[in-house]
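>>> no sequence on this one, just coordinates:
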């Protein structure tokens, strides 16, 4: 007579279910699986980071609270912050981004809510991001890298603190690298500096265009701008294509 060992059978069934679920996981998230197999084998360089605080715009009290957090953040990092900036990828220093009406606009995407943002050069990540995680209050935030692959930057390479919010990703193309103006290499009228020796990252002197390292310069060096312009009042680091 064959006697079934129920604990062993149950263990086997649970293990089989686990194997099937793991194997099926990639079919539920084909984009993630595709990028893990292709793009992530040779991931692009991270040029900088963005931090975005998200909030609803239907109640003034929520907007006021979000703006209060923005000012609290500005005060916390006042010794490190440069002037407010509109740079996207390689502005050269830590700054609060002020390139849109963060109070009410929902245009431009990918955010479908109110948001304010901060530009974080790679060396400042360990200073700023942990503080933001612990002082965000009731708000959710997303930290994402800037590589030029904007779809991937905002999805598989992004990190949320708090409840993730929906994003309008239709404005991005998967697996396509663009510069910070949304153009690909070689586009006519490309405003990104492409010439050797071009200076970028500080608007106190020209040219005021920005360098995307991977798309424009490939290599860049950092230096305080008064080393190039001794009479400049700004002491913020900038980048020069080499």
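Received the coordinates, thanks. All values derive from a computational prediction rather than experimental measurement. Residues are numbered from 1 along each chain as shown.
>>> all contacts plus neighbour counts: C-alpha atoms, from now on.
OK.
>>> Okay, now the unreliable bits of this protein?
1-40, 86-92, 99-109, 178-242 (pLDDT under 70).
>>> got the domain boundaries for it?
48-171, 199-241 (automatic domain parsing).
>>> what's around residue 58, how many residues?
Residue 58: 11 surrounding residues under other CA atoms under 10 Å.
>>> let me redo that: residue 93
25.
>>> repeat for residue 75
Neighbour tally, residue 75, other CA under 10 Å: 12.
>>> so how far is residue 56 from the closest residue to residue 133 other than its chain neighbours?
Excluding its sequence neighbours, the residue lying closest to residue 133 (CA to CA, 6 or more residues apart in numbering) is residue 161, at 6.3 Å. Separation of residue 161 from residue 56 (CA to CA, to the nearest Å): 16 Å.
>>> same thing with residue 152?
Counting by CA to CA - residue 152 and residue 56 are separated by 25 Å.
>>> between the two, which one's more packed in?
Neighbours were counted for residue 152 and for residue 56 using other CA under 10 Å; residue 152 has more, 25 against 16.
>>> secondary structure element for that one?
helix 150-153 (DSSP states H and E).
>>> can you list contacts of that helix?
Residues outside helix 150-153 that contact it (CA atoms under 8 Å, 6 or more residues apart in numbering): 144-147, 158, 169, 172-178.
>>> Give the PyMOL command for selecting the buried subset of these.
Selecting only the buried entries of these in PyMOL, with 16 or more other CA atoms under 10 Å as the criterion:
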select buried, resi 144+145+146+147+158+169+172+177+178
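>>> With secondary structure and distance to residue 137 added, can I get the contacts of helix 150-153 in TSV?
Formatted as TSV, these follow (DSSP: H, G, I helix; E, B strand; the rest coil; distance: CA to CA, whole Å):
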residue	secondary structure	distance to residue 137
144	strand	19
145	strand	23
146	strand	25
147	coil	29
158	coil	20
169	helix	26
172	coil	30
173	coil	33
174	coil	33
175	coil	34
176	coil	35
177	coil	34
178	coil	34
